[in-house]
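A.B. asks: Pasted the sequence and its predicted model underneath.
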Amino acid sequence: MTKPGRDDLTTVPERATEQAPDTLWNQRVRAETEMQRLDRNFVELLQEVRVAQTGPQILFAFLLTLAFTQRFEQVSSFQRALYVATLALAAASASLLIAPVSAHRLLFRQHEKARLVRIANRLTIAGLLALCLAIVGLLWFIIDVLFGHVAGMVTAILSAVWFAALWYGLSAWISRHPQDDAGRRS
């Protein structure tokens with residue numbers, strides 16, 4: 001099979017099966033061409049990003065206002081550093097989750113959908129990780145201010161485990177325990 005040009009992605013190229021093991025399954029079950037699969041993948045990713053973007057935006061806005069409250073003057077240097085790290089993580093999360101939209105606009109009609117989907121997927125995963133850490137940092141900060149360092153640390157550890165289990169562990173478990181078409185384990 002010859003290597004496709006940038007516009008020749010209507011069939012399943014050799015390179016696509018190496019990059020996406022589900023390509024043949026999509027072609028067989030969904031009757032999708034490679035471009036249709038890429039378009040669907042990007043639309044799905046953007047829908048997921050729309051859900052996730054709200055979190056860091058609200059978190060970032062809350063954190064920005066927090067520094068201008070009277071009680072903020074009373075925080076320790078550790079709490080101040082934790083606040084700054086959490087603020088930076090919220091900003092990083094927002095920028096990473098918005099980046100796929102910006103990249104799509106800047107690459108519009110340049111026939112780079114395959115690369116865009118791969119890069120947008122990585123940006124979204126990184127943005128979700130930054131969001132997870134920002135939420136853990138905020139919980140740590142608030143509990144540390146209200147109840148002390150030990151309670152703050154315990155809250156941070158428990159919330160990190162909770163988010164890791166739900167956001168990453170669940171997907172890892174599902175991928176290691178596939179089911180056949182009838183819904184039973186294979």
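C.D. replies: The structure has been received and is ready for your questions.
A.B. asks: list the buried ones in the helix or strand that contains Leu82?
C.D. replies: Per DSSP states H and E, Leu82 falls inside helix 77-106. Across helix 77-106, burial judged by 16 or more other C-beta atoms under 10 Å covers 79, 82-83, 86-87, 89-100, 103-104. Just so you know, the C-beta spots here come from the backbone N, C-alpha and C atoms, and that holds for glycine as well.
A.B. asks: Average pLDDT for the very next helix or strand once past that helix, rounded please.
C.D. replies: Per DSSP H and E, the first helix or strand lying C-terminal to helix 77-106 is helix 113-147. Averaging pLDDT along helix 113-147 yields 95.
A.B. asks: List of residues touching whichever helix or strand comes after helix 113-147?
C.D. replies: Scanning forward in sequence from helix 113-147 by DSSP H and E, the next helix or strand is helix 149-163. Under the contact criterion C-beta atoms under 8 Å, 6 or more residues apart in numbering, helix 149-163 has outside partners 78, 132, 135-137, 139-141, 143-145.
A.B. asks: just for this protein, where's the confidence low?
C.D. replies: The chain contains residues with pLDDT under 70 at 1-21, 180-186.
A.B. asks: which ones are touching Asn121?
C.D. replies: Contacts of Asn121 by C-beta under 8 Å, 6+ apart are 41, 45.
A.B. asks: Would you mind measuring from it to Leu24?
C.D. replies: According to C-beta to C-beta, to the nearest Å, Asn121 stands 19 Å off from Leu24.
A.B. asks: What of Arg71?
C.D. replies: The gap separating Arg71 from Leu24 is 59 Å, by C-beta to C-beta.
A.B. asks: The helix holding Leu82 relative to helix 113-147, how many degrees between them?
C.D. replies: Put simply, helix 77-106 runs at 160 degrees to helix 113-147, going by axes from the mean of the first three to the mean of the last three C-alpha atoms, to 10 degrees.
A.B. asks: how far does helix 77-106 sit from the chain's center?
C.D. replies: On the basis of C-alpha atoms, centre = their mean, to the nearest Å, helix 77-106 sits 12 Å off its chain's mean C-alpha point.
A.B. asks: Any idea how many residues pack against the closest residue to Tyr83 other than its chain neighbours?
C.D. replies: Once flanking residues are discounted, Tyr83 sits nearest to Phe141: 5.6 Å by C-beta to C-beta, 6 or more residues apart in numbering. Phe141 has 25 neighbouring residues, counting by other C-beta atoms under 10 Å.
A.B. asks: Could you report the distance from the residue nearest to Arg30 when sequence neighbours are not counted to Glu112?
C.D. replies: Distance criterion C-beta to C-beta, 6+ apart; nearest residue to Arg30, sequence neighbours excluded, is Arg37 at 7.5 Å. Arg37 sits at a distance of 15 Å from Glu112 (criterion: C-beta to C-beta).
A.B. asks: quick one, which of Arg71 and Leu24 is more surrounded?
C.D. replies: For Arg71 versus Leu24, neighbours defined as other C-beta under 10 Å are more numerous around Leu24 (12 against 8).
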